[in-house]
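Colleague: Sequence plus the predicted model coming up.
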Amino acid sequence: MQNENILEIKDLHVYYGSIHAVKGINVIVPRGKIITLIGANGAGKTTTLSCIAGLVKSKRGEIIFNGNDITNKPSHIVNLAGIALVPEGRRIFPNLTVYENLMMGAYKRKDKEKIKQDLEWVFSLFPRLKERISQLGGTLSGGEQQMLAISRALMSKPQLIMMDEPSLGLAPVLVDEVFDVIKKINSEGTTVLLVEQNAVGALSISDFGYVLETGRIVLEGPGEELLKNEEVKKAYLGI
Amino acid sequence: MNLNSVLIIQNLFNGLMVGGLYALIAVGYTMVYGILRLINFAHGDIMTMGIYFAFYAVVLMKMPFFLGVIFSIFATAILGFLVDRIAYKPLRNAPRISALITAIGMSFFIESFAVVFFGSNYKSFLKTLGSNSSIIFKTYKIGKIIIPQITLYVILITFFTLLILFYIVYKTKIGMAMRAISADIPTTSLMGINVDLVIGFTFALGSALAAIAGVMWALRYPNFYPYTGFNPGLKAFIAAVFGGIGSLQGAVLGGFLLGLIEIMLITLFPSVMQYKDAFAFLILILILTIKPSGLLGKRSIVKV
Ligand SMILES: Nc1ncnc2c1ncn2[C@@H]1O[C@H](COP(=O)(O)OP(=O)(O)OP(=O)(O)O)[C@@H](O)[C@H]1O
Ligand SMILES: [Mg+2]
């Protein structure tokens, strides 16, 4: 039987030396949904995603993926389990071509035919990437790099894709495009855990959201409910 | 043709040969540096071990020479992998100076190991080659130009080996992972790749090339002992810095240039022969002063 929740985070604590960056958060990601974490700079959003991905270790708490404990597993094991991360700052391989960057995402897959299909699929999401297929990653514009980072993550055929501020630094048209693509990816079956500072954009496509403040969850609720919430409006929507 | 131009042409081949050997060793330094920002000071000693592996495969295990070299390539690759596993991997997150000191320690360790187990006396492949040993002394003659066959073979094998290396790095999946790791280790691990295996492979690949270079070195300068790798190892390191450490093309260019410059200098000014080794350091100092990143190196390598 499949778990209803693809990911469960229980009482997670993460420290950088003496800095207590994540202070016992609980997050539930139901299968097939879009879940968003919003919060100000330094709230601990990236730390949370990094910890799930295995890039930083937790001191306490549990991360359960598909019913299996993946807490503090090495990052390549987490990816093989079915979680992909679009990291903060995109982290494109600048010395690899667009095509190679995408193949890095599919590195561990053996289904050659399916990889080709998925390549066409990401090109249909971001036609611009196809035109730049043999260009070095480092020569892409910021927006193109973001598209490549998302596509690279998709190429591993994840069950859960985590994105750390995918709209950061993009022109408004591109921001809309990225949120559209996230909806599309989700509607085709991939669960999404999103981290955003663009609270309006993120919450309006999300099924559920969490508000993080200095390492703690201070508010949670369905996306549209949080959008209407007075505190959220004041703090994150600038209204 | 006058005597001078004959000499120059002959030594051009010598320079290509020595330079090629430097290049084969230098790529090992540069690949490890590109990935870990670590100077693997044990690399020259790994080359020495490559010579001994081939030697004992032929002498003790009675393998034909060619098979002995193949055996050595694999054994040396495994040695390189193990050196990383045992000495460097535990220090991945330690300050870089710790890894550097460990590398120097590893170098001493391998040298001492060779002294204890293989003896400090000189050995040679000449006897083991038996009737084939004439290969070392045969020459080709074109007009007045005389070139030892072994020199040509070494140059050809070097080119062929470097071609394979570039194919692996630029055309294969594992090569793609190596290049990705040299840019960004954590992000590579996010792709489901066990980066420690790829780093281990890089050590193995560099060590395999060092074994090939070592055996050819030992054939050309037919004696070897536990410190044989020291001098070519140091020169190859200088070549790697000269070309731009971290850059594969740079290591190859640096190796060939250093070899050619060294040999040509001696050819044109025989009286400086005794300063040959000092000259490599002069190049090192010059390049570090004028263009610290080396001929083909990036201006500054920022690790995020
Ligand atoms: N590598 C690190 N070493 C030490 N402290 C860190 C490190 N990374 C993050 N921190 C600290 O942990 C806290 C949470 O940082 P984190 O990057 O998770 O925040 P964030 O919510 O992603 O912020 P932003 O919106 O600016 O990306 C911050 O106080 C930050 O200074
Ligand atoms: Mg962040």
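Modeller: On my side now, so go ahead. Numbers count the residues shown, from 1 in each chain, chains lettered A, B, ... in the order given. Ligands and ions are numbered 1, 2, ... in the order given.

Colleague: just how off-centre is whichever strand or helix holds B:Ile283 within its chain?
Modeller: Assigned by DSSP states H and E, B:Ile283 belongs to helix B:276-290. Centroid separation between helix B:276-290 and its chain, computed with C-alpha atoms, centre = their mean, to the nearest Å, is 19 Å.

Colleague: quick one: buried residues of it?
Modeller: B:Phe279, B:Ala280, B:Ile283, B:Leu284, B:Ile287 (16 or more other C-beta atoms under 10 Å in any protein chain shown). C-beta: built from backbone N, CA, C; applies to glycine.

Colleague: residues near B:Met106, how many?
Modeller: 22 (other C-beta atoms under 10 Å in any protein chain shown).

Colleague: Show the pLDDT at it.
Modeller: B:Met106 is assigned 96 on the pLDDT scale.

Colleague: you'd agree it is up against B:Asp84?
Modeller: No. Between B:Met106 and B:Asp84 there is no contact under C-beta atoms under 8 Å: 9.9 Å.

Colleague: re earlier: name the helices or strands packed onto the helix holding B:Ile283?
Modeller: helix B:230-243, helix B:248-268 (3 or more C-beta pairs under 8 Å, 6 or more residues apart in numbering or on different chains; DSSP states H and E).

Colleague: Okay, now the unreliable bits of the chain?
Modeller: This is for chain A. Chain A contains residues with pLDDT under 70 at A:1-2, A:237-239.

Colleague: sorry, should have said chain B
Modeller: Using pLDDT under 70, chain B drops low at B:1, B:3, B:130-132, B:299-304.

Colleague: show me where it has helices.
Modeller: B:3-36, B:43-59, B:65-83, B:96-118, B:126-129, B:149-171, B:173-183, B:185-189, B:195-220, B:230-243, B:248-268, B:276-290 (DSSP state H).

Colleague: Next: chain A.
Modeller: A:45-53, A:75-81, A:98-105, A:112-125, A:127-131, A:142-154, A:172-187, A:199-205, A:223-228, A:230-232.

Colleague: Just give the nearest non-adjacent residue to B:Met106, would you?
Modeller: B:Ala42 (3.9 Å; C-beta to C-beta, 6 or more residues apart in numbering or on different chains).

Colleague: can you pull the contacts of that neighbour?
Modeller: Counting by C-beta atoms under 8 Å, 6 or more residues apart in numbering or on different chains, B:Ala42 makes contact with B:Val83, B:Ala87, B:Ala103, B:Met106, B:Ser107, B:Phe109, B:Ile110.

Colleague: same thing with A:Ser206?
Modeller: A:Ile34, A:Ile35, A:Thr36, A:Leu194, A:Gly223.

Colleague: what about 6 Å?
Modeller: By C-beta atoms under 6 Å, 6 or more residues apart in numbering or on different chains, the residues touching A:Ser206 are A:Ile34, A:Thr36, A:Gly223.

Colleague: And it, how far from chain B?
Modeller: 23 Å (C-beta to the nearest C-beta, to the nearest Å).

Colleague: how much space is there between that residue and ligand 1?
Modeller: With distances taken as C-beta to the nearest ligand atom, to the nearest Å, A:Ser206 is found 17 Å from ligand 1.

Colleague: now B:Tyr33
Modeller: When B:Tyr33 is compared with ligand 1 (using C-beta to the nearest ligand atom), they lie 24 Å apart.

Colleague: For chain A, list the residues in contact with chain B, please.
Modeller: A:55, A:75-76, A:79-80, A:85, A:91, A:93-95, A:100, A:104, A:107-108 (C-beta under 6 Å from any C-beta of the partner chain).

Colleague: Please consider this matter closed, and thank you.
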